[in-house]
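Asks: build me a model:
(2 chains)
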There are 2 protein chains.
Amino acid sequence: MTPSSPIQLSLPVHLPDDETFNSYHPAGNQQLIESLRLAAAGQGERITYLWGAGKSGRTHLLHATCALASDAGLKTFYLPLGIHASMSPAILEGLEQLDLICLDDIDQISRHPVWEEALFDLYNRVHENRNSRIVVSASAPAKQTDFLLPDLVSRLSWGIHYQLHPLSDSAKLAALQNRAKVRGLELPEDVGRFLLTRLARDLRTLFEVLDRLDKASMVAQRKLTIPFVKKILHL
Amino acid sequence: MTPSSPIQLSLPVHLPDDETFNSYHPAGNQQLIESLRLAAAGQGERITYLWGAGKSGRTHLLHATCALASDAGLKTFYLPLGIHASMSPAILEGLEQLDLICLDDIDQISRHPVWEEALFDLYNRVHENRNSRIVVSASAPAKQTDFLLPDLVSRLSWGIHYQLHPLSDSAKLAALQNRAKVRGLELPEDVGRFLLTRLARDLRTLFEVLDRLDKASMVAQRKLTIPFVKKILHL
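Replies: Below you'll find the model as predicted:
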């Protein structure tokens, strides 16, 4: 049997156009946002490490930073490392030629030596090329990650580090109710809590569903109740 | 401030050329492999659901199925749903026109209603278009996943279902030692266990590292010992 030839596929990664800094709920992360806005303008710190628990908005912020930089004419690249198993570490080669590199979920490659070395090398090249900036996200501070290479952990401690503070459930509920109010829609507390309980708890998903409920409520001329929501969402 | 325009990026997803059926360690999954080989030839069951714990080889098998189908001239598409947050559900539209669709980690979109509906719709379209096949992977049987839509769970029960049996540590050690032996390299048990303890425990990573150690051992004319391995891997 002849060996399979490598297949090169192209995934159309579509940064959601509504994931901007305007649609981000800061909740104590203002300093980080200012820093990311600077990076998106090709200014300020050249290396940013942000970390926080899942659903704390890491991906939203990286999307927003990329979008702002791209609007400003900067060359940028967003890469979610959660799919490293379907990519070659060679994808990191030459990225230091860009103005801004955003790497999401870098701890997904921990304990994968070839990837760790590729990331280590990229950090060194970004450090040398003084026109390039990098923003990485992870689920924990660099020293509490599972990375094997001490030299990589040392590089990851470069630059500035921010912890993302996730929104509490009551803050998410308030954000949902506020967004509903802006649209002239009343979201009763029990309905909001029902959504928080049943759906993925990231604001992206919650807002998407609220948009859909808003439309359904207008069409049906119905107020939002739990039975109505269940019907619209086919639950 | 003007709203950001949507950014369309293209991720070069590179299916590793060594992730084929030949390089897969069946460990009791022979029936599944036969079924996937058939699907890659445009034959047999049209819907396949395979599930297993992380590191059980799901991604390897989906890569291998795509590669074989592509070699046979079939139109195919591999999509890892772990990065759904960076994609629009619209990516699933029209996929039923392909011969073979491979969706990895579908439970990553559970509790995201818009994605769940897009997957539900795709299943219906694949069911209607009798030339199309779909292979999905998940971490659990359809009925034990977190999906919100009962209708989606019902669709996911279509076709054939296989559980992937992950390799035990001793089987991984044997696979590593066997691969080393084929290359004329001796991998002592303590060194093999050291690798299993320290590295990510998927065979992809373990084999990559073994390849590197093989080269280093030849260059340095040294046998594999734990100190030598630590030195080569910068641990």
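Asks: from residue A:169, how far off is the residue positioned nearest the centre of chain A?
Replies: Central residue check for chain A by Cα atoms, centre = their mean: the C-alpha nearest the mean position is that of residue A:59, 0.4 Å away. Separation of residue A:59 from residue A:169 (Cβ to Cβ, to the nearest Å) stands at 20 Å. Heads up, the C-betas are built off the backbone N, CA and C, glycines and all.
Asks: over to residue A:229?
Replies: 18 Å.
Asks: out of these two, which sits in the busier spot?
Replies: A count of neighbours by other Cβ atoms under 10 Å in any protein chain shown puts residue A:229 above the other of residue A:229 and residue A:169, at 20 against 13.
Asks: may I have the host helix or strand of the more buried one as PDB, with CA atoms only?
Replies: Element membership for residue A:229, per DSSP states H and E: helix A:226-232. C-alpha atoms of helix A:226-232 as PDB (Å, rounded to 0.1, in the frame of the first residue of the first chain):
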ATOM      1  CA  ILE A 226     -40.200  29.500  30.500                       C
ATOM      2  CA  PRO A 227     -42.800  27.500  28.400                       C
ATOM      3  CA  PHE A 228     -42.400  29.900  25.500                       C
ATOM      4  CA  VAL A 229     -38.600  29.700  25.700                       C
ATOM      5  CA  LYS A 230     -38.800  25.900  25.800                       C
ATOM      6  CA  LYS A 231     -41.000  25.900  22.800                       C
ATOM      7  CA  ILE A 232     -38.800  28.200  20.700                       C
END
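Asks: which elements pack onto it?
Replies: helix A:189-198, helix A:203-220 (3 or more Cβ pairs under 8 Å, 6 or more residues apart in numbering or on different chains; DSSP states H and E).
Asks: could you list the buried residues of the shortest one?
Replies: If you call a residue buried by 16 or more other Cβ atoms under 10 Å in any protein chain shown, then helix A:189-198 has these buried ones: A:191, A:192, A:194, A:195, A:198.
Asks: same check on the last one?
Replies: By neighbour count, and taking 16+ other Cβ under 10 Å as the criterion, the buried residues in helix A:203-220 are A:203-210, A:212-214, A:216-217.
Asks: could you give the angle of that helix to helix A:189-198?
Replies: Here the directions of helix A:203-220 and helix A:189-198 differ by 130 degrees (axes from the mean of the first three to the mean of the last three Cα atoms, to 10 degrees).
Asks: who are the packing partners of helix A:203-220?
Replies: By 3+ Cβ pairs under 8 Å, 6+ apart, helix A:203-220 packs against helix A:169-182, helix A:189-198, helix A:226-232, helix B:113-128.
Asks: switch to 7 Å and redo it
Replies: For helix A:203-220, the packing partners by 3 or more Cβ pairs under 7 Å, 6 or more residues apart in numbering or on different chains; DSSP states H and E come out as helix A:169-182, helix A:226-232.
Asks: and those, which one's lowest on average pLDDT?
Replies: Confidence, taken as mean pLDDT, is least for helix A:169-182 of these (a mean of 90).
Asks: before we move on, the earlier item: got CSV for the helices and strands packed on helix A:226-232, with distance to residue B:118 and mean pLDDT too?
Replies: Below are the helices and strands packed on helix A:226-232 laid out as CSV (distance: least, Cβ to Cβ, whole Å; pLDDT from 0 to 100):
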stretch, distance to residue B:118, mean pLDDT
helix A:189-198, 18, 95
helix A:203-220, 12, 92
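Asks: ok, back up a step: alpha carbons of the host helix or strand of the residue nearest to the centre of chain A, in CSV - could you do that?
Replies: Assessed by DSSP H and E, residue A:59 sits inside helix A:58-71. In CSV, the C-alpha atoms belonging to helix A:58-71 read as follows (Å, rounded to 0.1, in the frame of the first residue of the first chain):
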residue,chain,number,x,y,z
ARG,A,58,-10.4,34.7,26.8
THR,A,59,-11.5,33.8,23.2
HIS,A,60,-13.7,36.9,23.0
LEU,A,61,-10.8,39.1,24.0
LEU,A,62,-8.4,37.5,21.5
HIS,A,63,-11.0,37.8,18.8
ALA,A,64,-11.6,41.5,19.7
THR,A,65,-7.8,42.3,19.7
CYS,A,66,-7.3,40.7,16.3
ALA,A,67,-10.4,42.5,14.9
LEU,A,68,-9.2,45.9,16.2
ALA,A,69,-5.6,45.3,14.9
SER,A,70,-6.9,44.2,11.5
ASP,A,71,-9.2,47.3,11.3
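Asks: next structured bit after the worst-scoring helix or strand of chain A on mean pLDDT?
Replies: Here the helix or strand of chain A ranked lowest by mean pLDDT, DSSP states H and E is strand A:7-15, holding a mean of 60. Downstream of strand A:7-15, the first helix or strand assigned by DSSP H and E is helix A:30-40.
Asks: list the buried residues of the very next helix or strand once past that following helix.
Replies: Using DSSP H and E, the helix or strand that follows helix A:30-40 in sequence is strand A:47-51. Neighbour-count burial for strand A:47-51 flags A:47, A:48, A:49, A:50, A:51 (criterion: 16+ other Cβ under 10 Å).
Asks: want to throw those residues into JSON lines with pLDDT?
Replies: Formatted as JSON lines, the buried residues of strand A:47-51 follow (pLDDT from 0 to 100):
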{"residue": "A:47", "pLDDT": "96"}
{"residue": "A:48", "pLDDT": "97"}
{"residue": "A:49", "pLDDT": "97"}
{"residue": "A:50", "pLDDT": "95"}
{"residue": "A:51", "pLDDT": "96"}
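Asks: from what I see, the residue nearest to the centre of chain A and residue B:85 are in contact.
Replies: Yes - using Cβ atoms under 7 Å, residue A:59 is in contact with residue B:85, at 4.8 Å.
Asks: give the contact list for residue A:180.
Replies: By Cβ atoms under 7 Å, 6 or more residues apart in numbering or on different chains, residue A:180 lies in contact with A:186, A:187, A:210.
Asks: for residue A:100, same thing?
Replies: Applying Cβ under 7 Å, 6+ apart, we find residue A:100 in contact with A:39, A:40, A:69, A:74, A:76, A:133.
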